[in-house]
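Novice: structure of the sequence below:
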Amino acid sequence: MAYLVWILTGIAIALGFLLGIVLGKGFCLGRKSIGTIHVISIDETAPEMFLTLDKDVSTLVGREYAVLRIKSGKARK
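Specialist: Numbering: from 1, shown residues only. Down below sits the predicted model:
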């Protein structure tokens, strides 16, 4: 019986850890994001990157780091 309690406790801790990672990544990083980097593959040798900012450039002044979303895609022909 004691083993069942330890197994259920371990499962609860693992689920709480995974839930914390998912919620933390979605809420915290999503709010801190200031823009998007679009990576477009024109050919296999050199992809191109474009930056789209959601906020004004003046919000970047004085920061040590910035959080950006990354979206990839292929160029239309």
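
Novice: what segments of the chain are helices?
Specialist: 2-23, 30-32 (DSSP state H).

Novice: would you single out the least confident of those?
Specialist: Per-stretch mean pLDDT for these is lowest at helix 30-32 (a mean of 71).

Novice: burial count for residue 49?
Specialist: Applying other CB atoms under 10 Å, we find 10 residues neighbouring residue 49. The C-beta positions use only the backbone N, C-alpha and C, and glycine is treated the same way.

Novice: check contacts around it.
Specialist: For residue 49, the contact set (CB atoms under 8 Å, 6 or more residues apart in numbering) comprises 37-40.

Novice: ok, of those, which come out buried?
Specialist: Of the members of these, none is counted as buried by neighbours, 16 or more other CB atoms under 10 Å.

Novice: go through the helices of the chain and name the closest to residue 60.
Specialist: Set against residue 60 and scored by CB to CB, those come closest in helix 30-32, at 12.5 Å.

Novice: is residue 72 in contact with residue 39, as I believe?
Specialist: Yes: between residue 72 and residue 39 there is a contact at 4.4 Å, judged by CB atoms under 8 Å.

Novice: what touches both of the two?
Specialist: Common neighbours of residue 72 and residue 39 are not found (criterion: CB under 8 Å, 6+ apart).

Novice: quick revisit: can you redo the contacts of residue 49 as CSV with pLDDT and distance to residue 50?
Specialist: Putting these into CSV (pLDDT from 0 to 100; distance: CB to CB, whole Å) gives the following:
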residue, pLDDT, distance to residue 50
37, 91, 7
38, 90, 4
39, 89, 8
40, 87, 7
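
Novice: what's the neighbour count on residue 6?
Specialist: Residues contacting residue 6 under the criterion other CB under 10 Å number 9.
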